[in-house]
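K.L.:
structure for this input, please:
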Amino acid sequence: MLIEPQSYLNALLRDFYIAGGKVVVREFRSHEEIMRLPETVVFNCTGLGARALFNDQKLGPVRGQLEILLPQPEIDYCYLSTGYMFPRHDGIVLGGTFDHDDWSLAPRAEQTTAILEAHAGIMKGLKGV
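P.N.:
Numbering: from 1, shown residues only. Model (predicted):
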């Protein structure tokens, strides 16, 4: 199943607000602070912050790099191979990197090249199909 993230998030939030939900952004310094909340339902969106918050040193980052091509409405398929490709209204997403324990947020030129070359090779293979 694929979704358009922005459309899905907007619909999800709209339904949440209509049902009486509210979004509160807070910083927590310990899991005890969370346990003292009066709410009966709390969504944990701490991401890697959960490592310190719950003292879970096994939790670590996995860095993935994406390349986004200009939107191409005629592309109405996706694939999963040595990388993956799926179209969205805002661009075509190409991916395929998976770097464990890498905290960097900076894009890497060599990964950009590798992703684009891998997908070019996949497309060349599809031309004969």
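
K.L.:
now do the closest residue to residue 107 other than its chain neighbours against residue 34, distance only.
P.N.:
Closest residue to residue 107 apart from its sequence neighbours, by Cβ to Cβ, 6 or more residues apart in numbering: residue 65 at 6.0 Å. C-beta: built from backbone N, CA, C; applies to glycine. Distance of residue 65 to residue 34, given as Cβ to Cβ, to the nearest Å: 32 Å.

K.L.:
these two: which has the busier surroundings?
P.N.:
Looking at residue 65 and residue 34 with other Cβ atoms under 10 Å, you find the greater number of neighbours at residue 65, namely 19 against 15.

K.L.:
list the contacts of that one.
P.N.:
By Cβ atoms under 8 Å, 6 or more residues apart in numbering, residue 65 lies in contact with 95, 97, 107-108, 111-112, 115.

K.L.:
hmm, which two among the residues you listed are most spread apart?
P.N.:
95 and 108 (13.4 Å; Cβ to Cβ).

K.L.:
ok, residue 102 touching residue 64?
P.N.:
No. Residue 102 is not in contact with residue 64 according to Cβ atoms under 8 Å; the separation is 9.4 Å.

K.L.:
just to revisit the earlier point, which one of the contacts of residue 65 is nearest residue 53?
P.N.:
The nearest member of these to residue 53, counting by Cβ to Cβ, is residue 97 at 27.2 Å.

K.L.:
helix, strand, or coil at the closest one?
P.N.:
The three-state label given to residue 97 by DSSP: H, G, I helix; E, B strand; the rest coil is coil.

K.L.:
this completes my enquiry, with thanks.
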